[in-house]
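Participant: need the 3D shape of this:
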Amino acid sequence: MKFKAALFLSACVLAHPALAQDGPTSVADDPTPAAGTEILVTGSRIKQDPTKSALPLQIFTTEDFAREGINSPEQLVSLLSTNGNGPDNLASNTDVVGGAQRGTNGLSSANLRGQGAASTLILLNGRRVAAHGLQGSAVDVNQIPFAAIERVEVLKDGASAIYGTDAIGGVMNFITKTNFKGVTLNGFTDITQRGDSPIYRLSATAGFGDLKENGFNVMAAISKSWNGILRGENRDFVNGNQPNRGLSIDTRGTPIATAFANGANALFAPTGSLLSGVPLLIPGTTITANGGINYLDLPGGAGCESFDGGMAYDDALWANSSARYACAWDTGRAAILQQPLETLTYYGRATLALGQHQLYAEITGSDADSSKQFSSNQYAGNTSTTPLYYPLNATTAATYNQVYNALVAVFPSIAANYGKPIAYRWRCTVCGPREYKTNSKTLRGAIGLEGPLFGDWDYRTGASYARSESSSVLGSGYAYRGIFSSSARAAASGIPGAVSGGIDTRAPTAPGATAPGIVGLLNSGILNPFSITQSDAALAALKAVSAEGVTLYGGKYEVTQFDASISGSLFALPGGNVQLAVGVDYRRETYSFNGSAEAELNRPEIFNVAFDNANALTPKHRDVKAAYAELLIPVFEPLEISVAGRVDDYTGFGSTFNPKITARFQPVDWLMFRGSYNTGFRVPTFNQIFNGVTQSPNPGNTLVDYTTCPSRTVNPAVPGCAAITPDTLTGGNVNLGPETSKQYSVGVVFKPAPRFSASFDFWSIAVDDTIGSLSITQLLDNASYFPSRIIRTNGIITLLDLRTDNIGSRRTQGLEVALRGGVDVGNGVVTAGLDGTLLLKKREKLLPNAPYGGSLIGLFTFSGDLGLRWKHNAYLTYTNDKFTATFSQIFRKGYKNYALPGIANGTVTRPDYNEYVNDYIIYNMSVGYEVNKQFRIVGGVKNVFDTDPPFAITYDSNYGSGSSWEPRVADPRGRSFTISVEAKF
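Facilitator: Residues are numbered from 1 along each chain as shown. Got it, this is the predicted structure:
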């Protein structure tokens with residue numbers, strides 16, 4: 001019903017269409033070049049009229065930014081209906097992540113047509129910028145100097161024949177102002193109704209000189225922006241304790257510890273623990289309570305809800321009856337929804353006119369600080385590498401006896417173990433949230449020369465160097481372990497007799513503790529895991545073992561590029577001159593990751609921190625040599641054909657040739673047909689090739705062996721359907737090849753009146769030899785195709801190999817819709833627009849000989865791109881000489897919800913469980929007033945009706961991340977108020 005209502009609104013908005021098609025600009029003084037003006041547009045090396053181009057090009061100007069309250073490149077990307085719904089924004093990367101998402105600290109990227117961030121090419125003035133320093137694959141769009149941007153051209157088509165690798169999903173070209181004169185000051189504020197998570201930006205742009213009158217122009221722009229923090233606990237819709245709706249949290253590491261029946265440890269519990277070695281039958285059942293017991297949840301206890309974020313463990317939803325007396329904790333409320341981000345960007349350009357030639361130099365850079373914060377560390381004890389036990393001594397006696405008395409009343413068999421330490425899992429909220437502080441610096445310099453040669457032939461040549469350097473350090477929430485977690489670490493320490501599970505004397509020892517690190521501190525009893533509050537002595541001791549300030553890792557990505565091209569007319573045809581562009585391109589890409597396995601092995605180990613030292617990489621580089629040609633053939637006036645081709649020679653991958661053919665047929669002025677066919681390719685990133693192998697535990701409780709469990713859902717009552725917890729292997733692959741693509745599009749453009757246009761473009765992308773990693777579910781679901789990747793011990797799956805490979809094929813199809821219209825009203829104009837994308841096909845297969853899987857449209861996935869069936873943005877605007885008012889809608893179609901094991905296996909029903917996530921619909925409005933030619937003010941309201949993100953089950957027990965909303969789709973801030981002030985001198 002909501003979908004139909006949204007379409008009805010859009011139809012009403014467009015009832016009187018009459019707006020001219022947007023066109024790109026070439027100079028700041030002329031934002032709307034007249035029809036017939038030929039300029040260089042994204043996706044071609046030949047100047048042409050953008051209003052008649054066969055290329056599906058969407059153009060955003062500063063007017064669009066003001067209308068929608070867009071303050072950063074990330075906000076612009078999120079507005080694009082053609083952008084996918086992957087984990088590509090800062091909100092999607094604030095929690096625990098794994099696999100390809102690791103190393104994305106501070107990264108925000110674009111993902112056109114859902115082909116992945118690494119398959120979307122980002123350009124600044126037509127040339128490449130460096131990929132993110134940590135990840136080394138996708139570009140961080142927030143490095144773009146937004147204050148200097150005049151327009152953004154979004155090419156919704158493959159462009160490997162023009163630009164080379166990466167341009168499978170499309171191209172975003174950020175184009176700066178040129179020949180800018182005067183001074184412009186701008187201030188922007190975006191504050192939520194609740195007064196939190198503010199966004200501010202201050203910018204200044206200045207320029208002097210005129211290329212025509214003075215023969216030169218110099219301009220500079222600087223901008224400073226701040227994004228305030230938004231915590232999960234500050235929004236009511238972030239709530240993992242909604243069992244009636246089918247959502248509860250799996251983690252049993254709680255701020256009031258949950259006791260477990262761990263066995264003996266020679267160092268701290270030589271005779272075992274309080275709950276070990278005795279029957280723990282739940283009264284009235286034959287079920288053993290070996291899934292954890294929290295004394296608060298026992299009969300007569302205060303209840304799990306007695307501490308903030310606590311809830312009774314829902315053993316029915318999680319199909320885990322052994323945890324009936326456990327508590328759980330809402331990890332999603334501890335994560336942040338908007339990362340605090342402080343960014344400085346700057347841009348400078350000097351242009352010198354040498355007769356008809358122009359020589360220019362430009363420099364741009366950024367300096368950004370971000371903070372990723374998520375749930376505090378869970379200290380889950382075991383008998384070897386993390387032996388955590390709460391002892392009975394003079395310090396702990398009162399708490400020990402309180403817990404013991406509650407336990408023995410229900411499980412009298414433990415009386416014989418009185419005095420033995422209590423093994424447990426504990427969430428150390430007093431340690432603070434886990435935090436990564438990341439600094440990213442970028443720098444790019446370019447010089448170029450362009451001008452006429454002879455006749456209408458001209459040339460363009462340039463050279464550029466760009467780098468992106470990022471480093472992350474630990475903030476709060478981390479402590480030195482104090483125990484060796486592996487034999488390799490013990491051997492590398494140089495400590496005589498060091499063994500896995502033995503004491504690491506290099507770790508700091510807290511005052512009063514009996515052994516080093518957090519393990520020694522906890523096992524001394526100074527820290528009390530069965531209490532929310534801690535003594536001053538305990539807090540001081542915790543600070544003594546903190547690892548805050550330790551460098552996590554750093555990376556650097558560099559791109560050096562030289563290019564030269566010429567273009568002009570060859571001969572005349574009835575439709576006009578045949579034009580040719582030819583060029584060469586040389587590029588060197590260099591990447592390094594400065595984690596050091598040796599350095600970590602020789603320093604005290606830090607508990608549960610993702611150093612990724614296995615991925616340490618000394619600088620690696622590859623050279624790309626390319627030559628390309630493009631031919632524009634106006635066969636006769638209604639028909640124009642363009643043929644392009646590019647040869648790229650890649651270090652380590654050989655040569656590849658990629659053609660592109662586009663055609664435009666315009667039988668009458670108001671009707672145009674267009675189409676294209678092209679091939680593309682993407683080489684693996686340095687990380688995908690060279691990453692080391694990492695083995696990680698998987699503490700989740702939702703996996704089963706699909707070969708023994710036909711229902712594929714956890715159900716301990718069914719033989720073969722018990723939960724499994726295999727470790728996972730991740731890492732690179734030196735034998736990777738490039739992924740290749742073939743795509744085509746056909747479209748039609750109607751323009752029956754000067755102020756009306758409508759376009760419909762069908763597109764299809766086929767990608768083979770896809771570079772990626774199987775998810776855990778994909779591997780289990782296709783066990784027969786990958787038997788060597790599933791390791792069993794005594795018939796039980798204990799290890800899953802998820803290392804990167806060329807894992808199959810992907811087929812995606814969609815329909816892009818763009819509508820524009822307008823009508824005169826009084827002394828102004830009412831205009832309307834809609835940009836939408838209908839996803840028609842999204843299917844994958846994992847091997848050439850495997851069949852394609854079912855449709856992925858409208859299905860929830862924990863990772864990758866969420867395939868929404870329909871997305872659109874619509875707006876209605878009134879404009880006159882002084883005044884502008886806009887009302888707009890953002891629509892995202894709902895999809896099938898995730899189901900926890902109890903619901904998935906049919907053993908549990910919950911009254912308010914909804915199989916489908918509701919549509920996400922919000923409305924924005926803004927009003928602008930031009931006081932005079934020097935001063936303009938725009939005020940707006942985002943999310944006018946204060947709509948919360950729809951309820952969605954996104955909690956992933958494998959990582960302990962996610963909650964009750966989907967950051968890949970929705971904005972968590974709620975209603976906010978914006979104001980932008982611009983002054984020109």
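Participant: correct me if wrong: residue 781 contacts residue 704.
Facilitator: No - contact criterion Cβ atoms under 8 Å: residue 781 and residue 704 do not qualify, at 11.3 Å. For the C-beta atoms, the positions are set from N, CA and C on the backbone; glycine is no exception.
Participant: now do the shared contacts for the two.
Facilitator: Residues touching both residue 781 and residue 704 by Cβ atoms under 8 Å, 6 or more residues apart in numbering: residue 712.
Participant: between those two, point out the one with more neighbours.
Facilitator: A side-by-side neighbour count of residue 781 and residue 704, using other Cβ atoms under 10 Å, places residue 704 first with 24 against 15.
Participant: next, the contact list for the more buried one, please.
Facilitator: Residues near residue 704 by Cβ under 8 Å, 6+ apart: 712, 713, 714, 720, 721, 722, 723, 724, 780.
Participant: the fourth one and residue 137, how far apart?
Facilitator: Residue 720 sits at a distance of 39 Å from residue 137 (criterion: Cβ to Cβ, to the nearest Å).
Participant: phi, psi of residue 971?
Facilitator: Dihedral pair for residue 971: phi -100, psi 120, per degrees, to the nearest 10.
Participant: quick one: it from residue 115, how far?
Facilitator: For residue 971 relative to residue 115 (Cβ to Cβ), the value is 23 Å.
Participant: which residue of these two possesses the greater neighbour count?
Facilitator: Each of residue 971 and residue 115 has its neighbours counted (other Cβ under 10 Å); residue 115 has more, 26 against 20.
Participant: tell me how far the more buried one lies from residue 680.
Facilitator: With the distance defined as Cβ to Cβ, residue 115 ends up 9 Å from residue 680.
Participant: got it, and residue 711?
Facilitator: Taking Cβ to Cβ as the criterion, residue 711 is separated from residue 680 by 41 Å.
Participant: got it, and residue 135?
Facilitator: In this view, residue 135 and residue 680 are 21 Å apart by Cβ to Cβ.
Participant: residue 969 now?
Facilitator: Shown here: residue 969 relative to residue 680, a distance of 27 Å by Cβ to Cβ.
Participant: higher neighbour count, these two?
Facilitator: For residue 969 versus residue 680, the count of surrounding residues by other Cβ under 10 Å is larger for residue 680: 29 against 22.
Participant: close enough to count as contact, that one and residue 167?
Facilitator: Yes - with contact taken as Cβ under 8 Å, residue 680 and residue 167 are classed as touching, separated by 6.4 Å.
Participant: between these two, what contacts are shared?
Facilitator: Joint contacts of residue 680 and residue 167 (Cβ under 8 Å, 6+ apart) are 158, 159, 160.
Participant: tell me which residues touch the last one, please.
Facilitator: Meaning residue 160. Listed by Cβ under 8 Å, 6+ apart, the contact set of residue 160 reads 167, 168, 646, 658, 660, 678, 679, 680, 681, 741.
Participant: and the helix or strand containing residue 440, what's buried?
Facilitator: Element membership for residue 440, per DSSP states H and E: strand 434-452. Within strand 434-452, the residues that qualify as buried are 434-444, 446, 448-450, counting by 16 or more other Cβ atoms under 10 Å.
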